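[1] Predicted model, plus sequence, below.
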Amino acid sequence: MVNIFNEENFEKEVEKSEGVVIVDFYADWCGPCKMMSPIIDEIAEENSDIKVGKVNCDEEPNLAIKFDVMSIPTILIFKNGKLEKTFIGLTPKETILEAIK
């Protein structure tokens, strides 16, 4: 399942979460984001132990600013609430999964 993260739930769902959380910063109008979306969905479906969510940059500009998201898609990987890795642009599924290990 892919969660929708926003300013109200981000701290609880990501920053205070145990384990791995993948956050996809995207926008509806972004072509590469549309190509990234099925990859994020697959990771969520195939890895029930990982929390996966998306942040719409147009709806949540403060979160995008907080994490210096300048280009989209941007994928952030958190481990136990701490930002561990950032990927900018269309990123292969294998690359994201490798960063989680």
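    Received the coordinates, thanks. Residues are numbered from 1 along each chain as shown.
[2] any idea which element the residue nearest the centre of the chain lies in?
    Of all residues in the chain, the one closest to the mean position by CA atoms, centre = their mean is residue 23, 1.4 Å from it. Element membership of residue 23, judged by DSSP states H and E, is strand 20-26.
[3] Just the angle for the longest helix seen in the chain relative to strand 20-26, thanks.
    Scanning the chain for the helix with the most residues, using DSSP state H, yields helix 31-46. Here helix 31-46 runs at 150 degrees with respect to strand 20-26, directions being taken by axes from the mean of the first three to the mean of the last three CA atoms, to 10 degrees.
[4] Using CSV, write out every CA atom in helix 31-46.
    Extracted C-alpha coordinates of helix 31-46, given in CSV (Å, rounded to 0.1, in the frame of the first residue of the first chain):
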residue,chain,number,x,y,z
GLY,A,31,6.4,13.2,-16.9
PRO,A,32,9.3,11.4,-15.1
CYS,A,33,7.1,11.3,-11.9
LYS,A,34,4.5,9.4,-13.9
MET,A,35,7.2,6.9,-15.0
MET,A,36,8.4,6.6,-11.4
SER,A,37,5.0,6.0,-9.9
PRO,A,38,4.5,2.3,-11.0
ILE,A,39,8.0,1.5,-9.6
ILE,A,40,7.1,3.0,-6.2
ASP,A,41,3.8,1.0,-6.3
GLU,A,42,5.7,-2.2,-7.1
ILE,A,43,8.1,-1.7,-4.2
ALA,A,44,5.1,-1.1,-1.9
GLU,A,45,3.3,-4.2,-3.1
GLU,A,46,6.4,-6.5,-2.9
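[5] which element follows that helix toward the C-terminus?
    Counting by DSSP H and E, what follows helix 31-46 is strand 51-56.
[6] the residue most distant from the middle of the protein, which is it?
    Max distance from the centre of the chain (CA atoms, centre = their mean): residue 29, 17.2 Å.
[7] Tell me who's in contact with residue 90.
    Contact partners of residue 90, counting by CB atoms under 8 Å, 6 or more residues apart in numbering, are 32, 35, 36, 73. Any C-beta I mention is one placed from the backbone N, CA and C, and that applies to glycine too.
[8] Is it in a helix, a strand, or coil?
    Secondary structure, DSSP: H, G, I helix; E, B strand; the rest coil: residue 90 is coil.
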